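Asks: What follows is a predicted structure for the sequence shown.
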Number of protein chains: 2
Amino acid sequence: MAEESKPVYLRLREIIAASILDGNYSDGDLLPSVRALAARQGANPLTVAKAYQCFQDDGLIVVKRGVGMFVADGASRRLRETERRRFLDSVWPPVADQIKRLGISAEDLDLQRV
Amino acid sequence: MAEESKPVYLRLREIIAASILDGNYSDGDLLPSVRALAARQGANPLTVAKAYQCFQDDGLIVVKRGVGMFVADGASRRLRETERRRFLDSVWPPVADQIKRLGISAEDLDLQRV
DNA sequence: ATGGGTGCATCACTGCCATAATACAGCCAT
DNA sequence: ATGGCTGTATTATGGCAGTGATGCACCCAT
């Protein structure tokens, strides 16, 4: 259930999503170039491109060829809703099952921080 | 973050672990044969064997060749401890981060069921 | 117009996963 | 001892995902 070694492009995808959700990049902002992010994260440019591709498919980032990739209008809000739904539908149920199965208490989960 | 399409042998591994944790199979019990479980789960016998192999490596399952595989002594307790540690160390932190990031409330998580 | 920045298409390599067809080795009830 | 159940080793194959190297197409500031 733990995914400590996920594919790089998925890790990058999460990093990008987190950056947008946290407001590091707002609607209309220019995102780091494929090569720049690749260098910073020690990954291959194509792998970064693959990560960006996920968001393009959802219309969350818009590409200006030869210029760069920009955060689409309302991307932050839409991304939050999408991720929220995905979390509640796909991620949380098995996690809750596991918590129940293992008899883990709320204190162990340190719910204060949540 | 959702892992809806994990390798089959890992899914089988979780199914087996859950069965042991839930007490469907207690210490000393005979587990389903490789072929039987394969047929029931619609998988290949070798893939099931690979799943069982994980538990053999940890000494949670003991093999009597020609007879079958049995739940080792204290397997349930040890498995619970191992899984618990793995959950708290590797699974929960990113989940908690995501909950925080997405601003998901305790009610949404339906904590009553946990 | 040209140089340097974009994204992206192509091809190729690698490794893992799953499956399959056998075949073998061990145990046990009959 | 024989048939039928166990797990397992072997070999091979197909598929697919991840990553990588290269080159091209595009745009813009200079």
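Replies: Nice, thanks for sending it over.
Asks: didn't A:W92 look like it was pressed against B:L109?
Replies: Yes - A:W92 is within contact range of B:L109, at 6.4 Å (criterion: Cβ atoms under 8 Å). Yep, even glycine has a C-beta here, placed from its N, CA and C like the rest.
Asks: For the residue lying farthest from the centre of chain A, give me its contacts.
Replies: The C-alpha centroid of chain A is most remote from A:G103, which lies 29.6 Å away (Cα atoms, centre = their mean). Contacts for A:G103 (Cβ atoms under 8 Å, 6 or more residues apart in numbering or on different chains) come out as B:R80.
Asks: What residues does chain A have near DNA strand C?
Replies: A:31, A:33-36, A:45-46, A:49, A:52-53, A:56, A:63, A:65-69 (Cβ under 7 Å from any atom of the strand).
Asks: Give me the three-state assignment for A:D27.
Replies: coil (DSSP: H, G, I helix; E, B strand; the rest coil).
Asks: Can you read off the backbone torsions of it?
Replies: phi -50, psi 130 (degrees, to the nearest 10).
Asks: How many residues are close by it?
Replies: 13 (other Cβ atoms under 10 Å in any protein chain shown).
Asks: How about the contacts made by it?
Replies: A:71-76.
Asks: From those residues, which land in helices?
Replies: Using DSSP state H, the members of the contacts of A:D27 that fall in helices are A:75-76.
Asks: What subset of the contacts of A:D27 is buried?
Replies: A:71-72, A:75-76 (16 or more other Cβ atoms under 10 Å in any protein chain shown).
Asks: Report pLDDT for the residue lying closest to A:D58 once chain neighbours are set aside.
Replies: Closest residue to A:D58 apart from its sequence neighbours, by Cβ to Cβ, 6 or more residues apart in numbering or on different chains: A:T82 at 7.1 Å. A:T82 carries a pLDDT value of 90.
Asks: What lies in contact with the helix or strand hosting A:T82?
Replies: In the assignment (DSSP states H and E), A:T82 maps to helix A:75-86. Outside helix A:75-86, the residues that touch it by Cβ under 8 Å, 6+ apart are A:17, A:20-21, A:23, A:26-27, A:55, A:58, A:60-61, B:1-2, B:98, B:102-104.
Asks: how does it look with 6 Å?
Replies: A:20, A:27, A:60, B:102 (Cβ atoms under 6 Å, 6 or more residues apart in numbering or on different chains).
Asks: Out of these, which sit inside helices?
Replies: Reading helices off the contacts of helix A:75-86 with DSSP H, I get A:20, B:102.
Asks: Neighbour-wise, which one of the contacts of helix A:75-86 leads?
Replies: A:I20 (24 neighbours).
Asks: ok, now which ones touch that one?
Replies: Counting by Cβ under 6 Å, 6+ apart, A:I20 makes contact with A:76, A:79.
Asks: Pull up the gap between it and B:S105, please.
Replies: 21 Å (Cβ to Cβ, to the nearest Å).
Asks: same thing with A:S19?
Replies: 23 Å.
Asks: Thanks a lot, see you next time.
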